[in-house]
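Trainee: I'd like to go over a predicted model; first the sequence, then the structure.
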Number of protein chains: 2
Amino acid sequence: MKNLFIYLLAFVSCLSVVYAQKKNVVYQELPVYGKLFDTPSKYHRVDTAKYKDLPARVKYLYTNSAGLFVTFRSNSSSIHAKWCVTDTKVSFNLTSIAQKGLDVYIKNVDGKWQYAGSKGTVITCDESILTDNLDQTEKEFLIYLPLYDETKSLEIGIEEGATFQPLSNPFQKNIAVYGSSIVQGASAGRPGMAYTAILSRRTGLNFINLGVSGSAKMEQEVAHMLAAGTPDVFILDCVPNSSPEIVSERTQYFVAYLRANHPNTPIIMIPSVVRELSYFNQVWNKRNTEQNVQFKKEYEALVAKGIKHLYYLDSNTLLGTDHEGTTDGTHPNDLGFMRMADQIQPFVLEIMHKHNLL
Amino acid sequence: MKNLFIYLLAFVSCLSVVYAQKKNVVYQELPVYGKLFDTPSKYHRVDTAKYKDLPARVKYLYTNSAGLFVTFRSNSSSIHAKWCVTDTKVSFNLTSIAQKGLDVYIKNVDGKWQYAGSKGTVITCDESILTDNLDQTEKEFLIYLPLYDETKSLEIGIEEGATFQPLSNPFQKNIAVYGSSIVQGASAGRPGMAYTAILSRRTGLNFINLGVSGSAKMEQEVAHMLAAGTPDVFILDCVPNSSPEIVSERTQYFVAYLRANHPNTPIIMIPSVVRELSYFNQVWNKRNTEQNVQFKKEYEALVAKGIKHLYYLDSNTLLGTDHEGTTDGTHPNDLGFMRMADQIQPFVLEIMHKHNLL
């Protein structure tokens, strides 16, 4: 009997240790940043009811949370999340971290955003530890939302008793980046590796992800939507989805409309990356070449017409020169995205300096 | 009636054009390369019946086709594949291209292997075009097999009438790379981006993938299996899965056994990458630091004991210094793998030159 009592006591002691270690987690909702506009649906990039004439696929894709993020300060030793997405399947060229998951950065002692953890999911609602075993100093956190799914809800959890303070958007100015799946972030390994996100962390500027996978075709309705915003810079990286004919038919109106509504805002035109497929695939080679030749012609025609503050990033090596910068021959891997950022960053910063935007 | 006849004629003409374009595909099996040993199971890396004392998980993982490839010459304008894998789910940190898919390289006019296309799958048996619209010159192809699944079967298809010739292994010498999930290839975006595969293409040397995800724990049975091979170099990148205690208990026997059986073969010891998680996660920081400190101590002790031809790649920056080189804080993305290759390649080549192996 005495032995039984000792066993029970030992058991209860063990339990209390377990319970002492397992702290309650308090969940909170946070404001979402990374948008060109306020939106009634918190996790959408564009108010698709307001811009109801956008093509259906474009409207759908602007419900995806590519480029959106939350930010806060806490001294919690672990950061948790509960989040819901939709039941779409994960694409062959994406990880579930990139498509449906969350990606955490912490501001380090040098004041730079440093990667701290990421979590994928394939279920519609998940609950997970994003990063743990942190020292209990106050830290600033930035968490990117899923690139290729609609975020239905997101709550960030900290340990009960830890400090918690929502922060304002750490990124200044607004650079609206309209483009294809490459802008949206395929095939980054995780949400923070979309090139807009890399550029924001590196520069402290708000590169806003307006990528619409497969659907960046410069429709007039898209021009009207973009022109309703007031960014400091427009970047048009919309060639990969646009046939040479579409480039020919739509670029003039698209750029001229932005210019008419924003007389002094720099507009930067970026040609399509040279698809790695296109070095061997003759059909892709022809299309890719003709797209870029036509886009450059449109740029030159716009300049000849007297359109000011228009810039063209003249590069055939956005993905580097070793042919290893994609996951599937079209979409940059994290190596390709880093190389794109390396070329786009100085080009954009130079233009912003020239326009006294920095 | 005349109109109907014309319509029918036009319809039949269209059909004949379609049929003329759609060529029959002829499928072939090919020898599989990238192994240290011949194996009775064509798509296994190790004969797990012969080395039956290997830990069960290690035996299972050596049925995964990481690092295996086929190679052939053809003038077909499209390359097809039929392949079967198992029904395992795709991991959060992998694409289905990397885990279950195929990755194609073509030897370019400079004699270098250049990426040409990749295909993922999530079904057990798939049939797909890997690359098409090629010009019809003779080309050499190299196709990597799935990194994280057992390849049950593989047939490569070319167009009927095209030339087809199986090729011998294009890579010389054998460098046996024993290690963790990082060696096996998590989280490359596609099979050809595992660092062993990058190094083989760059150097023309056969870096043999003996990675066993989560299970590189230097068991004696693994040492016995490796020592039964006759590679030109051994690389031990097996620290990430080994606790500091395991490193302490097993490294001496492991290295000494290889040395006893291969008196003159260079043995290269690579410490664990510094996990990106470990900069903030104190538990991982302690473990990662202690693993590497202990591995270096074991190296020094082995040298002090008179073990010759033993080398240690003394680096804390295998993934670079910007903290962006992983998909999940542990496993390199394609950026991280490229950086690992950048550091490992000159180190290995210098040692091979010193040993007159090149």
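Mentor: On my side now, so go ahead.

Trainee: In chain A, what residue spans correspond to helices?
Mentor: A:2-21, A:56-61, A:96-100, A:181-184, A:195-203, A:220-227, A:244-261, A:282-304, A:334-354 (DSSP state H).

Trainee: Looking at these, spot the one closest to B:Gly101.
Mentor: Checking these against B:Gly101 by CB to CB gives helix A:96-100 as the closest, at 15.5 Å. C-beta coordinates here come from the backbone N, C-alpha and C atoms, glycine included.

Trainee: which residues sit against that closest one?
Mentor: The contact list for helix A:96-100 (CB atoms under 8 Å, 6 or more residues apart in numbering or on different chains) reads A:85, A:88, A:90-91, A:103, A:118-122, A:146-149, A:185-191, A:193, B:90, B:92-93, B:327-328.

Trainee: May I have that helix exported as PDB, CA atoms only?
Mentor: What follows is helix A:96-100, C-alpha atoms only, in PDB (Å, rounded to 0.1, in the frame of the first residue of the first chain):
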ATOM      1  CA  SER A  96       2.700  22.500 -49.300                       C
ATOM      2  CA  ILE A  97       4.600  25.100 -47.300                       C
ATOM      3  CA  ALA A  98       4.600  27.500 -50.200                       C
ATOM      4  CA  GLN A  99       1.100  26.800 -51.400                       C
ATOM      5  CA  LYS A 100      -0.800  26.500 -48.100                       C
END
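
Trainee: got the residues of the stretch 201-350 of chain A near chain B?
Mentor: By CB under 8 Å from any CB of the partner chain, the residues of the stretch 201-350 of chain A that approach chain B are A:276-277, A:279-284, A:323-329, A:333-336, A:338.

Trainee: Could you report the distance from whichever residue of the stretch 151-300 of chain A sits closest to chain B to A:Phe295?
Mentor: Checking the stretch 151-300 of chain A residue by residue against chain B with CB to the nearest CB singles out A:Gly189 as nearest, at 3.8 Å. Distance of A:Gly189 to A:Phe295, computed by CB to CB, to the nearest Å: 29 Å.

Trainee: Please apply the same query to A:Ser78.
Mentor: A:Ser78 is 48 Å from A:Phe295, by CB to CB.

Trainee: okay, the two: which has more neighbours?
Mentor: Between A:Ser78 and A:Phe295, counted using other CB atoms under 10 Å in any protein chain shown, the more crowded position is A:Phe295 (23 against 18).

Trainee: residues near A:Arg57, how many?
Mentor: Counted with other CB under 10 Å, residues neighbouring A:Arg57 total 13.

Trainee: who's in contact with it?
Mentor: Contacts of A:Arg57 by CB under 8 Å, 6+ apart are A:Val212, A:Gly214, A:Ser215.

Trainee: Show me which residues of the stretch 1-150 of chain A are close to chain B?
Mentor: Residues of the stretch 1-150 of chain A found near chain B (CB under 8 Å from any CB) are A:89-90, A:92-97, A:101, A:106, A:108, A:114-122, A:131-135.

Trainee: let's see it at 7 Å
Mentor: Residues of the stretch 1-150 of chain A lying close to chain B by CB under 7 Å from any CB of the partner chain are A:90, A:92-97, A:106, A:114-118, A:120, A:131-135.

Trainee: Generate a PyMOL selection restricted to the buried entries among those.
Mentor: A single PyMOL command selects the buried members of the residues of the stretch 1-150 of chain A next to chain B (16 or more other CB atoms under 10 Å in any protein chain shown):
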select buried, chain A and resi 90+92+93+94+95+96+97+106+114+115+116+117+118+120+131+132+133+134
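
Trainee: A:Gly325 against A:Pro332, yeah?
Mentor: Yes: the criterion here is CB atoms under 7 Å, and A:Gly325 meets it with A:Pro332 at 5.7 Å.

Trainee: Find the nearest non-adjacent residue to A:Val255, please.
Mentor: Counting by CB to CB, 6 or more residues apart in numbering or on different chains, A:Val255 lies nearest to A:Leu302, which is 5.5 Å off, once chain neighbours are set aside.

Trainee: no no, A:Ser96
Mentor: Counting by CB to CB, 6+ apart, A:Gly120 is the residue found nearest to A:Ser96 once chain neighbours are left out, at 3.7 Å.

Trainee: coming back round to it: can I get the contacts of A:Arg57 in JSON lines with neighbour count and distance to B:Pro266?
Mentor: Shown next, in JSON lines, are these (neighbours: other CB atoms under 10 Å in any protein chain shown; distance: CB to CB, whole Å):
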{"residue": "A:Val212", "neighbour count": "29", "distance to B:Pro266": "52"}
{"residue": "A:Gly214", "neighbour count": "14", "distance to B:Pro266": "50"}
{"residue": "A:Ser215", "neighbour count": "22", "distance to B:Pro266": "54"}
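
Trainee: Next one, pLDDT for A:Lys23 please.
Mentor: If you check A:Lys23, the pLDDT there is 81.

Trainee: Roughly how far does it sit from A:Gly161?
Mentor: A:Lys23 is 7 Å from A:Gly161, by CB to CB.

Trainee: what's the answer for A:Glu300, then?
Mentor: 63 Å.

Trainee: Settle it for me: which of A:Gly325 and A:Pro332 has more neighbours?
Mentor: A:Pro332 (31 against 27).

Trainee: If that one is in a bridge, with which residues?
Mentor: Beta-bridge partners recorded for A:Pro332 (DSSP bridges): A:Thr326.

Trainee: In contact with it, which residues?
Mentor: Shown in contact with A:Pro332 (CB atoms under 7 Å, 6 or more residues apart in numbering or on different chains): A:Ile182, A:Ser187, A:Leu319, A:Gly325, A:Thr326, A:Met340.

Trainee: List the contacts of the second one.
Mentor: Same thing as A:Ser187. Going by CB under 7 Å, 6+ apart, A:Ser187 touches A:Asn93, A:Leu94, A:Thr327, A:Asp328, A:His331, A:Pro332, A:Asn333, B:Gly189.

Trainee: what does the fifth one give?
Mentor: Going by CB under 7 Å, 6+ apart, A:Thr326 touches A:Glu276, A:Leu319, A:Pro332, A:Asn333, A:Gly336.

Trainee: again, but for the last one
Mentor: Listed by CB under 7 Å, 6+ apart, the contact set of A:Met340 reads A:Tyr195, A:Leu318, A:Leu319, A:Pro332.

Trainee: 10 Å - rerun?
Mentor: If a contact means CB atoms under 10 Å, 6 or more residues apart in numbering or on different chains, then A:Met340 has A:182-183, A:195, A:198-199, A:237, A:270, A:273, A:315, A:318-320, A:325, A:332 as its contacts.
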